[in-house]
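Colleague: Let me see the structure of the following:
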Amino acid sequence: FTTNERKELIARSLRSRNSRIDIFAVDQIWVPRFAKWAEPLDKYFMQRDLSKFLPQALSTCYYQDDLLGIPLYLDISVLYYRDDLIKAIPGFENIRDELHQSIAWERLLEYGQKYGKSKTFYLFQGDNYEGLICNYMEILGSMGGTFFQDNELKVNTEKGRQSARFMHDLIEKYKLSPPEVTDFIERESYIYALQNDAPFLRGWSSYLKDLDIQDQNPEKVKQLRMAFLPHFSGYPRMTVFGGWNLMISKYSDKKWESFEFLRYIQSEEVQKILFETSGYLPVLKSCYTDTTMLQAYPYLGYIKEMIACGVHRPALINYTKISDILSFYLNKILKSEISAAEGLQEADETIKSDKLFLR
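Modeller: Numbers count the residues shown, from 1 in each chain. From the prediction side, this is the model:
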């Protein structure tokens, strides 16, 4: 299931108001949407319990000052590069250093124009779904843009149009990304990158532990390295948070048992298992200072740097509507069916209207 499909399946089940569901997992951005079905957790957790969490993870569990969830894991958007392919470029050591610090988009485009021999130089996810919003937000943030203007949600801004045009230009102008990206979600883009030897791929930090991907081409997967996403010159490096939270249904008749399960999930033992088996980033502070873990996974220190640069998607109760509308128009922009200016203007007008939006 895609993230969007999971959301609808969970919502459909909770609307019945029966006690069949005790605990449900949600994308961290859905907490406001699912708040009306969630059991408030403030009475279950002491402050010392909550202080163990990374603030970037815990902050997504609140809605209107009520604690409604507990972080399950974090994910962050990253740039993957194929080390074996980078080594074929003259001065690859310098490129590695640039990538580690967060390479400027201007430099990556320069390398692409000089050494990119096909349209598979850089891959991203451009299908009409939540992942496209994350991709867009990364480009927008990396050039100093935001979803808000004068404290009001607004996507049709100068930075917004620049970001949409840049994503389109990666396909049509620079020809560094294939047109197929407009139909890619994560799995398709990962497999395409391996099959077509793309040197650069935008993805999530948990990708390297995806067993399905590992089976595709294990030798190529071994050559993948993780780096900060690119940024535009003059702007700070950044990443966008993903991740999931656990919530207790207020209709559950096993609330205390559910609470005990949440306490178990937040143990170091479980957090380490999730990381080691699935690549899901721990939500506990202690995991990033644990000597044993750092010795086994030295890149956790690098991940901690990325987390410090992370930004969240807007925590709005109508975020689902916003995401559905914006991803629809962004996808049309990428497919050259509409201009960036027209697409974002229509997105803004549709978001502000009370009309039901159907894809």
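
Colleague: In which helix or strand does the residue most central in space within the chain reside?
Modeller: In the chain, the centroid-proximal residue (Cα atoms, centre = their mean) is residue 242; its distance is 4.0 Å. Secondary structure assignment for residue 242, by DSSP states H and E: strand 239-248.

Colleague: just checking, what packs against that strand?
Modeller: Applying 3 or more Cβ pairs under 8 Å, 6 or more residues apart in numbering; DSSP states H and E, one finds that strand 239-248 contacts strand 23-27, helix 31-34, strand 70-82, helix 130-142, helix 255-265, strand 310-311. (C-beta placed from N, C-alpha, C; glycine too.)

Colleague: Put the alpha carbons of whichever helix or strand residue 346 is part of into CSV.
Modeller: Using DSSP H and E, residue 346 maps to helix 340-352. This file holds the C-alpha atoms of helix 340-352, laid out as CSV (Å, rounded to 0.1, in the frame of the first residue of the first chain):
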residue,chain,number,x,y,z
ALA,A,340,4.3,26.0,-12.8
ALA,A,341,2.5,29.3,-12.5
GLU,A,342,-0.9,27.9,-13.6
GLY,A,343,-0.6,24.8,-11.6
LEU,A,344,0.3,26.4,-8.3
GLN,A,345,-2.3,29.1,-8.8
GLU,A,346,-5.0,26.4,-9.3
ALA,A,347,-3.6,24.5,-6.3
ASP,A,348,-3.9,27.6,-4.1
GLU,A,349,-7.5,28.4,-5.3
THR,A,350,-8.6,24.8,-4.8
ILE,A,351,-7.0,24.5,-1.3
LYS,A,352,-8.9,27.7,-0.2
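
Colleague: what's next to that helix, contact-wise?
Modeller: Residues from elsewhere that reach helix 340-352, judged by Cβ atoms under 8 Å, 6 or more residues apart in numbering: 153-157, 160-161, 164-165, 168, 321-322, 325-326, 328-330, 332-333, 338, 357.

Colleague: The same query, at a cut-off of 7 Å, please.
Modeller: Helix 340-352 has contacts (Cβ atoms under 7 Å, 6 or more residues apart in numbering) with 154-156, 160-161, 164-165, 168, 321-322, 325-326, 329-330, 332-333, 357.

Colleague: how close does residue 307 sit to residue 205?
Modeller: Distance, residue 307 to residue 205, by Cβ to Cβ, to the nearest Å: 10 Å.

Colleague: do the same with residue 317
Modeller: 28 Å.

Colleague: So those two - more neighbours on which side?
Modeller: residue 205 (23 against 13; other Cβ atoms under 10 Å).

Colleague: Starting from residue 136, give me the distance back to that one.
Modeller: Taken as Cβ to Cβ, the span from residue 205 to residue 136 is 19 Å.

Colleague: can you check residue 97 too?
Modeller: Going from residue 97 to residue 136 by Cβ to Cβ gives 28 Å.

Colleague: which of the two has more neighbours?
Modeller: More neighbours surround residue 136 than the other of residue 97 and residue 136, with 26 against 10 (other Cβ under 10 Å).

Colleague: about what we covered before: closest to residue 301 out of the helices and strands packed on strand 239-248?
Modeller: Smallest distance to residue 301 across the helices and strands packed on strand 239-248 (Cβ to Cβ): 14.0 Å, for strand 70-82.

Colleague: Off-centre distance for that closest one?
Modeller: In terms of Cα atoms, centre = their mean, to the nearest Å, the centre of strand 70-82 is found 7 Å from the chain centre.

Colleague: right, and the helix or strand after that strand?
Modeller: Going down the chain from strand 70-82, the next helix or strand is helix 83-86, by DSSP H and E.

Colleague: how deep is residue 232 tucked in, by neighbour count?
Modeller: When neighbours are defined as other Cβ under 10 Å, residue 232 has 17 of them.

Colleague: Just confirm it contacts residue 105, I think it does.
Modeller: Yes. In this structure residue 232 lies within contact range of residue 105 using Cβ atoms under 7 Å: 5.1 Å.

Colleague: State the distance from the nearest residue to residue 252 once chain neighbours are set aside to residue 13.
Modeller: Excluding its sequence neighbours, the residue lying closest to residue 252 (Cβ to Cβ, 6 or more residues apart in numbering) is residue 22, at 4.2 Å. Per Cβ to Cβ, residue 22 is found 12 Å from residue 13.

Colleague: Same check on residue 294?
Modeller: Distance from residue 294 to residue 13, by Cβ to Cβ: 40 Å.

Colleague: Hmm, residue 132 is touching residue 330, no?
Modeller: Yes. If you go by Cβ under 7 Å, residue 132 and residue 330 touch, sitting 5.5 Å apart.

Colleague: ok, those two, which is more surrounded?
Modeller: Comparing residue 132 with residue 330 by neighbour count (other Cβ under 10 Å), the higher total belongs to residue 330, at 28 against 25.

Colleague: Show me how far the host helix or strand of that one is from its chain's centre.
Modeller: Secondary structure assignment for residue 330, by DSSP H and E: helix 319-334. Centroid displacement of helix 319-334 relative to its chain, using Cα atoms, centre = their mean, is 16 Å.

Colleague: And for stretch 252-263?
Modeller: 29 Å.

Colleague: what does it rub up against?
Modeller: 19, 21-23, 39, 44, 70, 246, 248.

Colleague: Let's have those in JSON lines, adding pLDDT, neighbour count and distance to residue 209.
Modeller: Below are the contacts of stretch 252-263 laid out as JSON lines (pLDDT from 0 to 100; neighbours: other Cβ atoms under 10 Å; distance: Cβ to Cβ, whole Å):
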{"residue": "19", "pLDDT": "90", "neighbour count": "12", "distance to residue 209": "34"}
{"residue": "21", "pLDDT": "92", "neighbour count": "17", "distance to residue 209": "28"}
{"residue": "22", "pLDDT": "96", "neighbour count": "16", "distance to residue 209": "28"}
{"residue": "23", "pLDDT": "96", "neighbour count": "20", "distance to residue 209": "23"}
{"residue": "39", "pLDDT": "97", "neighbour count": "19", "distance to residue 209": "31"}
{"residue": "44", "pLDDT": "92", "neighbour count": "18", "distance to residue 209": "31"}
{"residue": "70", "pLDDT": "96", "neighbour count": "26", "distance to residue 209": "22"}
{"residue": "246", "pLDDT": "97", "neighbour count": "20", "distance to residue 209": "20"}
{"residue": "248", "pLDDT": "97", "neighbour count": "27", "distance to residue 209": "28"}
